Every structure is written in C-alpha cells, then in structure tokens.
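[1] how would this look folded up:
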Amino acid sequence: MSALLPAALAMDPLTEEVDAPRRRRLALWLLLAVALGLAAGLATGSAGFSPRALWADLQGPDAGLLLGQIRAPRTLGAALVGALLGLSGALAQGLFRNPLADPYLLGSAAGAGLGVVLVLAAASLGGAYISLSTVVWIERVGLVSAAFIGALVGVALTLSLARGAVQTLRLLLAGVVVGVLLGAVSDLITVVEPDSLRGKQAFMLGSTSFLGWNALALMAAGLAVLLLMGHRHARALDALTLGEDSAVSLGLDLGRVRLVLVLMLSLGTALAVSQAGLVAFVGLVAPHLVRRHAPGRHGWLLVASAGMGATLLLVADVISRAVVAPRELPVGVVTAVLGGGYLFWLLRQRTTP
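    Predicted coordinates for the structure are as follows:
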C-alpha cells in the first residue's frame, strides 16, 4: 500500500502551488490567534477582560495563585480541549467522508454523560452513609474518570453493535442507537435521583473552570500521541476520500484502518469531554474553517484543525468570562451560538441564488 498511495494520491501540481501560500498564511494566522487568545485568557478575570488589570495582578502578592493556579491552567486547558476536539472532528469527517460528522457521533457524548450521572447519583445516595469529604472526592475525581470511561464504553458499544468498523453506514446507525439508548438511561437516573440533574446540566453545557495542571499534562500527552498517529494515517484518510472501492484497490485494509481511526477519535473525544464536558460545535466547525480558507490533504488538515479548534475555544472561553462578569456563561453555550451561527450563515450563503 505504501508504494501505491503516494502516486495515487499525489495532488495536482498547479493546485498544490496555488493552495500552498494559503496554508502558510493560515498557519501564521493560527499561531498569532492562539498567542493572542492565551494572552486574552490571562487578562480576563472576575472584572472581565482588562489588560491593565492583568498588569496590576502581576504586581500583586497573589500573582502566583491567581495567574499560576487559576487563569493559566484554565486558558491553556481551553486551548488543549479545543485542539483535541478540532483534531477529533477532522478524523471523524475524514473517516465517514461526511462534512457533518462530529466527534460525538459514535456514542461518546452519551456514554460520558451517563458516567457522570452515575457518579453524581451514587454520591447523592451515599451522602447519608459516608463523610462529606468522601462525597466531595467522589464528585471531583470520580466525574473525570467516569466521563472518560463512559465515553470509551459508549464507543465500544457502538463498535460491538456495528460488528466492527468495516461498514460505515452500520457504524453510523449503531452510534445513533447507542447515543439514544444511553441518553435515555441517563434521563431515567435523573428522574429517580433528581439531585444529579444539576451536575449533569453543568456537564452538558461545558466548562473550563476546573482545569488544572495535572489535566493539562494528560491532555498534552494525548494530543501529542494523536498528532503523531494522525500523521502516520494521513495517507489512509486521503485514500478514503477517493471512495471505498478505490481505497481497497490501493491495498488499504479498511477494517483495520477504520478501527484505528475510531480508537483515535474516541481517545481524543474522551480526553476533551472528561475534562471540560460537552463543548458543542468546535469539532464540527474547526475542520470546515480550515477547508474553506486553506484546503489540503489530511496531513495538513489534522494539524490545522487542531490549531483552529484551540483558537475557537480560546475565543469562546474569553467571551464566556467577559460578557457578564463577574458571572460566567457556560462555554458550551457560547460555542454553540458561534458555531451554529457560522453554519447558519454558511448554509444561507450556499442556498442563496
């Protein structure tokens, strides 16, 4: 396969020459946008966005606590969560050859939500029998683990129901079925134990408030692994864009490649969801923006989508903290408004005669 793919997937030299400057410009813009987003995140606090207040905070006695333990990990964490979602969205859209595919398509969101509800319900039911400190530990540590495991379990159920990753349509239908089923179980638990509803709602709306340095280290390691694996499988994704028959004729083992891509997609989504909840639209919109402004093969698309996702979530995080300061908007609501508005505008542009 390695001998056939380079020749079969070689881009038109003229197209490559035209698009290369656009990719370089977008790469520079993304680097600048991420740098500005990080700076803006550090300058946004309880008083909203204020660079002057940031300078005063740097001179204050609590600078280490305020910036080093609260704003810096939150801002860097938002960038990593966005990068994971952007990369996972590009993988999903390449895997299913569908521009509407998003990272939550295979039941990961429903599985993560169910895991969170189970932990909250267990903590609520056990509150009368165990100490308050144990309940707090369960809710803080257990939620992250439960969301991560739940997301992976949701994808595993999808793969089991679809009997592997050979048939794309079966995999998509299985993801829908598993998502509906796990969502119904989650809703049933909240009916039986209403105290878990508030925690579930906070998780479903998404938040970057509780990101710490340990979470950042875990997400950074996961992102690095996924980018390396994405680079390795970029040509397989390029082959899939030619169609299944063409990919098979090039020697691609569709079952194995799809399984690896599903596992990569699941890991990236689970890492992001377990740390920040369900942040909407970032994984769907980030690859769209890259393809619209600087199209290219998947070796470029995966990295650029990660950068675009980081930029989008940094912007959304600053908006969520600054608009109604000192209160905060759920970051998932902000991304839903921005992402939904962009897709609405895009559809209007394409349907207008």
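
[2] for the protein, what are the low-confidence residue spans?
    1-18, 52-65, 124-141, 350-353 (pLDDT under 70).

[3] What distance do you get for the residue sitting nearest the centre point of the chain to residue 105?
    Nearest to the geometric centre of the chain sits residue 85, at 2.0 Å (C-alpha atoms, centre = their mean). Remark: distance between residue 85 and residue 105 (C-beta to C-beta, to the nearest Å) = 13 Å. To be clear about C-beta, it is placed using only N, CA and C from the backbone, and glycine gets the same treatment.

[4] ok, back up a step: shouldn't the residue nearest to the centre of the chain be in contact with residue 104?
    No. Using C-beta atoms under 8 Å, residue 85 is not in contact with residue 104, being 9.4 Å away.

[5] which neighbours do the two share?
    269, 283 (C-beta atoms under 8 Å, 6 or more residues apart in numbering).

[6] give me every residue that touches residue 77.
    Counting by C-beta under 8 Å, 6+ apart, residue 77 touches 208, 211, 212, 215, 216, 219, 275, 276.

[7] just these now: which is nearest residue 165?
    residue 219 (25.0 Å; C-beta to C-beta).

[8] What about the nearest residue to the closest one once chain neighbours are set aside, how many residues nearby?
    In space, and not counting its chain neighbours, residue 219 is closest to residue 80: 4.2 Å by C-beta to C-beta, 6 or more residues apart in numbering. Neighbour count of residue 80, defined by other C-beta atoms under 10 Å: 27.

[9] Next one: residue 80 from residue 99, what distance?
    The gap separating residue 80 from residue 99 is 25 Å, by C-beta to C-beta.

[10] what's the answer for residue 44, then?
    In this view, residue 44 and residue 99 are 33 Å apart by C-beta to C-beta.

[11] Pick out whichever of those two has more residues nearby.
    Using other C-beta under 10 Å as the criterion, residue 44 and residue 99 rank with residue 44 on top: 24 against 10.

[12] Please tell me how far the more buried one sits from residue 77.
    Counting by C-beta to C-beta, the gap from residue 44 to residue 77 is 14 Å.

[13] so where does the residue lying closest to residue 305 once chain neighbours are set aside fall, helix or strand?
    Nearest residue to residue 305, sequence neighbours excluded (C-beta to C-beta, 6+ apart): residue 90, at 3.8 Å. Element membership of residue 90 [criterion: DSSP states H and E] is helix 72-96.

[14] got the angle between the following helix or strand past that helix and helix 72-96?
    Downstream of helix 72-96, the first helix or strand assigned by DSSP H and E is helix 108-126. Put simply, helix 108-126 runs at 130 degrees to helix 72-96, going by axes from the mean of the first three to the mean of the last three C-alpha atoms, to 10 degrees.

[15] Now do the buried residues in helix 108-126.
    By neighbour count on 16 or more other C-beta atoms under 10 Å, the buried set for helix 108-126 is 108-124.

[16] and that helix, what other elements does it pack with?
    helix 132-162, helix 168-192, helix 196-205, helix 254-276 (3 or more C-beta pairs under 8 Å, 6 or more residues apart in numbering; DSSP states H and E).

[17] mind listing what's buried in the second one?
    By neighbour count, and taking 16+ other C-beta under 10 Å as the criterion, the buried residues in helix 168-192 are 168, 171-172, 174-175, 178-179, 181-183, 186, 189-190.

[18] Quick one: distance of that helix to the chain centre.
    19 Å (C-alpha atoms, centre = their mean, to the nearest Å).

[19] Pull the residues that contact it.
    By C-beta under 8 Å, 6+ apart, the surrounding residues in contact with helix 168-192 are 95-97, 104-107, 109-111, 113-114, 117-118, 121, 154, 157-159, 161-163, 165, 196-197, 200, 244, 258, 262.

[20] Turn the buried ones among those into a named PyMOL selection, would you?
    Here is the PyMOL command that selects the buried residues among the contacts of helix 168-192 (16+ other C-beta under 10 Å):
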select buried, resi 95+96+104+105+106+107+109+110+111+113+114+117+118+121+154+157+158+159+161+162+165+196+197+200+258+262
